[in-house]
Structures are given as C-alpha cells and as structure tokens.
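Colleague: Provided below are the primary sequence and the corresponding predicted coordinates.
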Amino acid sequence: MKKTDKTTKPETAVSKDRRGFIKAAGLAGAGVAASSLAAPAVHAQSGPIKWRLQTYSGAPLGAHVIKPQIEAFNKAANGEMEIELYYADQLVPTAELFRALQSGVIDAVQSDDATMASPADVAVFGGYFPFSTRYSLDLPVLFDRYGLNEIWAEAYGEIEGVEWISAGAWDPLHIFTKDPIRSLADMKGKRVFGVPTAGRFLSRYGLIPVTVPWDDVEVALQTGQLDGVAWCGFTECYEVGWADICNYALLNNVTGAWCGSYFANTDSWAKVPDHLKELFKITIDQSHYYRQVWYWGGEAELRVNGDKMELTTIPAAEWDTVVNDAKSFWDEIASSSPRAGRVVEIFKKYNAVMEKAGVPYRYS
C-alpha cells in the first residue's frame, strides 16, 4: 500500500472539486444545509455510476484507512462505477455527515456512528466505547459471532435513507498530551480532541472534550487551544504529525479498538448492480484486514522504538478505579434503550468468555 505522495498537493484538486460540487448544486457557499442540495446524479448505462464518498479522516490518515480500498474498487469495477474520495470536512462538516448521506448530498460515508452524529440508538457504541474491547480482533468477532451485525442492521433498517454496510476495527485509544499525565488528577482541565463517547466518559476525570475540524487539530495543539488528543493510538499519532507536538503518551488505554463503519445512501445503493455491491463489500473487507495489520504492527513498533514522546503510566491501583467506573457507565448506556441494553449484555458476555479463556485471549 502506498502512502500519499508528499510532493503532490491533493488539497488543491479537492478545492477545485469542492467548488465544482458547490456550483453544480447551486450554492452560494459551503455552509448551506445538506437538505438544500440535490441528490447525486447516476449516469446512464452508457457511462459509469458515479459516487461521492467522504471519510471522517484527513488525507494523511486516509492514505491508509480508505484510499487503498477506493483505488482497488475503482480498478476492479472496470469502468462500470467510479467512487470519488473526499477527506474530512471537504464536502460537508464531519458532524453533518449523516444528514448529508441521508439526503443524498453524498453517496457513502466511512466514519464511526457517533462522530457523524447518527441518530441510531447504537451510535453511542461507535468510536471508542470504554473498555468494551481489549484487542482490535475483539471487535470483528463481536460483530460476526456475537450478534452485533444483526443489531446494527436492525437499527439502521429503521432509519430512512441510510444503509449500514460493515463495521471494522481501528486502533486503541490512548491520550497524548503536551504536559504529562501520571495520575488521574493530571487529567483535570486538559482540553483534548476526541470522539464523543470516550470524551463523555473521560470528562468524569476532568478532561475537557473539544471539537475542532480534523485538519485544524495540529494548529490547535500548537496555539494552545488544545492540550492533547484522545482520538487514536500511537500509529495515527505518528502518521498524522501529532506526535511532533505532543510530548507525552499515556500507556493506559481506554479501549482496544475504535469501531468504524461504512454507510451508503439508500437510493444510491439501490442503483448499484449486485456484482458491484459485492465488489464494494469485498474491498471493504480487504480494508478491514489491512488496518488490522497496519495498526497492530504500528502500535507495538512505536511504543518500543518511537522517540518523539515520553511514555507515562497511571499506577494500576488508580487505573483500576477507572476500569470499575466503566461498569456504571455501561449500565447507564444500557438503560437508554432496549437495543442499547442488548449491546451491553453482549459486551459483558463476550468479555466474560475472554477472561475465562485466558491466554492468549486475556492475560489478566
């Protein structure tokens, strides 16, 4: 898999694409509400089906988490279909992704449910749900063997205009900061960029979740608007440049894997022939596999050999209180809806099995 060519300037091409996109939709500016835009046109049979897909990630990260998949699909589609890839906030703000997808402004989305402001009652489990997983492989097992696939399909089946297609695992959640965290008290008052559910949980210890556009995180760290990030693991922190600004990495992780999904607009999905739907799903599975390897290897390598951040640890006895606090947080979420309750019960059942299984599934 190739990384983004550092000699090119993809933002220039994207800016042109965005201007053309806005002009074609009859907009005066990019901030117009998604509901005011026309549904995407599908080419006649004499030409390829055209899709616009926007990811939650910026271009440096997108070079790994989605660009190879889109390139593979476009090549294998053999001219029958072409997906145009856009990175975070390039067509619509990330927090408006769900609404834009539902209305047909864009054809597909790669994001976690919570960050894209999904109204589904399972959205709270998208991104980082505290201590729901220990390792990245836990997540696909939960979906494929413990029933989360069926629950997500059921939840999104009740929402007009959106098709949920597939979920996969990303990296574990660590906290990276400019000043060290060596105790829970050190978290207090630190403003961090992060995903909604984890931020909600960590605010119990004084961390202040701050939302800024993905491409603005680096500048926000440099200017002091942010004190750190609680968004990713070591692999991403190094890949996107945040490790050049953050001085410390907290080894205590809040969960083992980010939960992200692919979604499509219902009308757009219906117009895709079955063989191209299957091809899209196959390349998604390839992407899930690629991320497992990229993240898993990167996390270990950079914790051991990365030299940009000092590693810190909250003592186990103190961190155990955080792990125990997650139980009440799980119960709070479980009470929010019957379906959320079913998901939490699956997490409890799965983790009990893993603990009883022992090595290599759980070491402690």
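Modeller: Right, received. Where do you want to start?
Colleague: Every contact and neighbour count from this point should use C-alpha atoms.
Modeller: Fine.
Colleague: Per-residue pLDDT of I83, please?
Modeller: Per-residue pLDDT puts I83 at 98.
Colleague: again with Y363
Modeller: pLDDT, Y363: 84.
Colleague: How about V195?
Modeller: On pLDDT, V195 comes in at 85.
Colleague: what about the helix or strand encompassing D144, average pLDDT?
Modeller: For D144, the host element (DSSP states H and E) is helix 138-145. The average of the pLDDT scores along helix 138-145 is 98.
Colleague: just stretch 106-117 next, same as before
Modeller: The pLDDT scores in stretch 106-117 average 97.
Colleague: For it, buried residues please.
Modeller: For stretch 106-117, the neighbour count (16 or more other Cα atoms under 10 Å) marks 106-117 as buried.
Colleague: Just the residues contacting it, thanks.
Modeller: By Cα atoms under 8 Å, 6 or more residues apart in numbering, the residues outside stretch 106-117 that reach it are 39-40, 51-56, 94-98, 100-101, 122-127, 195-197, 259-265, 268-269.
Colleague: Could you list which of the residues you listed belong to helices?
Modeller: In this view, those that belong to helices under DSSP state H are 97-98, 100-101, 196-197, 268-269.
Colleague: for the residues you listed, which one is nearest D179?
Modeller: Proximity of these to D179 (Cα to Cα) peaks at P196, which lies at 22.4 Å.
Colleague: Tell me which residues touch the closest one, please.
Modeller: Contacts for P196 (Cα under 8 Å, 6+ apart) come out as 114-115, 124, 127, 209.
Colleague: Kindly recompute the last result at 7 Å.
Modeller: 114-115 (Cα atoms under 7 Å, 6 or more residues apart in numbering).
Colleague: same deal with L139?
Modeller: With contact set as Cα under 7 Å, 6+ apart, L139 has these partners: 133, 168-169, 257.
Colleague: can you pull out the strands in this protein?
Modeller: 49-55, 81-86, 108-111, 162-169, 173-177, 191-194, 208-210, 228-232, 248-255, 259-265, 310-312 (DSSP state E).
Colleague: Could you pull out the buried residues of the helix holding D144?
Modeller: Result for helix 138-145 [16+ other Cα under 10 Å]: buried residues 138-140, 142-143.
Colleague: between those, which is closest to A300?
Modeller: Looking across these and measuring by Cα to Cα, the closest to A300 is D138, at 17.4 Å.
Colleague: one step back: tell me the least confident of the ones in helices among the contacts of stretch 106-117?
Modeller: Confidence-wise, P196 trails the rest of the ones in helices among the contacts of stretch 106-117, at 91.
Colleague: quick one on the thing from earlier: put together CSV for the buried residues of stretch 106-117, with distance to W242 on each row.
Modeller: Shown next, in CSV, are these (distance: Cα to Cα, whole Å):
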residue, distance to W242
I106, 29
D107, 31
A108, 28
V109, 25
Q110, 22
S111, 20
D112, 21
D113, 24
A114, 22
T115, 20
M116, 22
A117, 25
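Colleague: residues in contact with G206?
Modeller: G206 neighbours (Cα under 7 Å, 6+ apart): 187-189.
Colleague: ok, the closest residue to it other than its chain neighbours - contacts?
Modeller: The shortest distance from G206 to any non-neighbouring residue, by Cα to Cα, 6 or more residues apart in numbering, is to K188 (3.8 Å). Counting by Cα under 7 Å, 6+ apart, K188 touches 205-207.
Colleague: can the buried residues of helix 138-145 go into JSON lines with extra columns for distance to Y156?
Modeller: Output for those, formatted as JSON lines (distance: Cα to Cα, whole Å):
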{"residue": "D138", "distance to Y156": "22"}
{"residue": "L139", "distance to Y156": "19"}
{"residue": "P140", "distance to Y156": "18"}
{"residue": "L142", "distance to Y156": "18"}
{"residue": "F143", "distance to Y156": "15"}
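Colleague: re earlier: tell me the one of the buried residues of stretch 106-117 nearest A63?
Modeller: Nearest to A63, judged by Cα to Cα, of the buried residues of stretch 106-117 is Q110 at 13.3 Å.
Colleague: Pipe the contacts of K188 into TSV and attach distance to F329 and pLDDT per row.
Modeller: Output for these, formatted as TSV (distance: Cα to Cα, whole Å; pLDDT from 0 to 100):
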residue	distance to F329	pLDDT
Y205	13	96
G206	16	96
L207	16	97
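Colleague: Filter those residues down to the ones in helices?
Modeller: With DSSP H as the criterion, helices contain none of the contacts of K188.
Colleague: starting at the chain centroid, how far to the longest helix along the chain?
Modeller: Counting by DSSP H, the longest helix found in the chain is helix 274-305. Averaging C-alpha positions (Cα atoms, centre = their mean, to the nearest Å) puts helix 274-305 13 Å from its chain's average.
Colleague: Report the angle between that helix and strand 162-169.
Modeller: 30 degrees (axes from the mean of the first three to the mean of the last three Cα atoms, to 10 degrees).
Colleague: counting contacts, what elements does helix 274-305 pack onto?
Modeller: helix 67-76, strand 162-169, helix 234-239 (3 or more Cα pairs under 7 Å, 6 or more residues apart in numbering; DSSP states H and E).
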